[in-house]
Each structure stands twice: as C-alpha cells, then as structure tokens.
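1. Need coordinates for the following:
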Amino acid sequence: MPDRIVLASGSPFRRKMLADAGLVFDAESPETDERAVESAVANAGMMPDDLALILAEAKALDVAERNPGALVIGCDQTLSLGDEVLHKPRDMEEARRRLLALSGKTHQLNSAVVLARDQQVVWRHVGIARLTMRTLDPGFIGRHLAQVGDKALSSVGAYQIEGEGIQLFEAIDGDHFTIVGLPLLPLLAKLRDLGAIDG
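-> Okay, here's the model as predicted:
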C-alpha cells in the first residue's frame with residue numbers, strides 16, 4: 001500500500017503544483033509560528049537558505065505529529081537581498097517600498113522542502129533561484145500594485161512571477177517551481193526513491 005502523503009501547507013500554488021504532477025495527497029496547514037521560530041534562531045548567524053530549511057522542517061514536524069505514519073511535505077521560502085531576509089509585506093505601502101528596494105537588484109529565493117514521518121526528518125533540500133529585477137519607475141510601481149491589488153501581499157517579494165509580476169524582471173536564474181515555492185523535481189525524485197510514488 002502506497003504511503004499517505006500530506007502537504008503541510010495552505011498555499012494554493014503548492015497544492016496546484018503537486019496536483020498537476022499527478023500526486024494523490026491531503027493538505028493540512030501547519031500551526032507553526034514562523035516569527036517565533038525565526039526569533040529562536042535569530043542570533044545564530046543563520047544563512048537565509050538555512051532559515052528556510054528550519055521553517056520547512058518545523059512545519060513538516062508539526063503536521064506529522066497529527067498524521068502518524070504519513071509522509072509529510074513541509075515547505076518554506078525565504079527571500080534574501082544580500083544578507084537581509086525579507087518577509088511578506090503587511091500592506092500596500094510596504095509592498096511599494098519592497099518593490100523599490102528590489103528595483104535594479106538581484107535577490108535570491110531560497111525554497112526549502114523537507115520530508116518527515118513520525119517526528120523524524122527523512123530528507124531535506126533547498127532550491128535556490130536568483131532573480132534580477134529591472135530598474136522600476138516609482139510611478140510604474142504604483143500602477144502595477146493598483147492593477148494586481150492584494151495579491152501583492154501574498155508573496156514575500158510583493159510579486160507573483162506566474163502572473164503580471166513577470167513584467168518586473170530582466171533576468172531569472174532558477175527553475176519555475178523553486179520560484180513559486182517548491183523545488184518540485186528534487187521532491188519527485190526523492191518520493192520515487194522512497195517508493196512513495198510510482199517511478
């Protein structure tokens with residue numbers, strides 16, 4: 001009998017990625033306080049990709065506790081501009097400032113995925129993408145945010161690369177799945193390796 005797979009995420013984008021790949025899975029939002037986890041490791045000199053892994057692991061273990069025997073997929077993504085880790089904007093003004101800060105610069109998306117079963121981490125991986133935003137006119141930023149609306153608040157970068165946000169970029173180094181928030185190809189390879197999906 002195949003493993004029961006549970007996605008520890010409320011993200012519709014991650015759910016769609018797994019469903020489109022043909023996986024049969026349940027989804028359950030973790031009850032992890034991300035800012036509390038970050039605070040606990042704040043002084044550890046943690047790199048942004050390490051932080052993404054710690055958050056993904058916390059989410060996977062949280063959901064695994066309520067789903068004995070299931071193979072749980074935990075995910076998290078951090079956005080780093082230099083050494084600074086950025087979080088989802090709280091309002092449209094913060095989204096405007098975020099896009100101004102990213103304008104003309106290259107930032108990094110660190111997408112972590114962790115597999116856990118019965119409070120044990122089975123596997124962990126971080127996919128990294130580097131995105132270079134074109135130099136944006138402040139007036140254009142305002143018009144862009146008015147056009148996309150509150151969707152800008154659902155992403156740490158204040159953009160959706162799978163929608164109109166693609167217009168903000170001049171170069172992208174990394175795969176689409178990692179950018180959207182789940183390094184899908186390494187995950188599928190590991191699930192096949194574990195015998196959790198047909199392969």
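2. ok, and the helix or strand in this protein with the lowest average confidence?
-> helix 34-40 (a mean of 77; mean pLDDT, DSSP states H and E).
3. which residues are contacting it?
-> 51, 54, 55, 58, 76, 85 (Cβ atoms under 8 Å, 6 or more residues apart in numbering). For glycine as for every other residue, the C-beta is placed from the backbone atoms N, C-alpha and C.
4. One more pass at 6 Å, please.
-> With Cβ atoms under 6 Å, 6 or more residues apart in numbering as the test, helix 34-40 has contacts from 55, 58.
5. Ok, stretch 131-138 next?
-> 102, 103, 104, 106, 107, 168, 169, 170, 171, 172.
6. So for it, what gets flagged as buried?
-> 131, 133, 136 (16 or more other Cβ atoms under 10 Å).
7. Would you quantify the distance from the last one to residue 159?
-> Residue 136 sits 11 Å away from residue 159, going by Cβ to Cβ, to the nearest Å.
8. Tally up the residues packed near residue 118, please.
-> 14 (other Cβ atoms under 10 Å).
9. picking up where we left off before, between the buried residues of stretch 131-138, which sits nearest residue 193?
-> Of all the buried residues of stretch 131-138, residue 193 sits closest to residue 131, with 29.6 Å by Cβ to Cβ.
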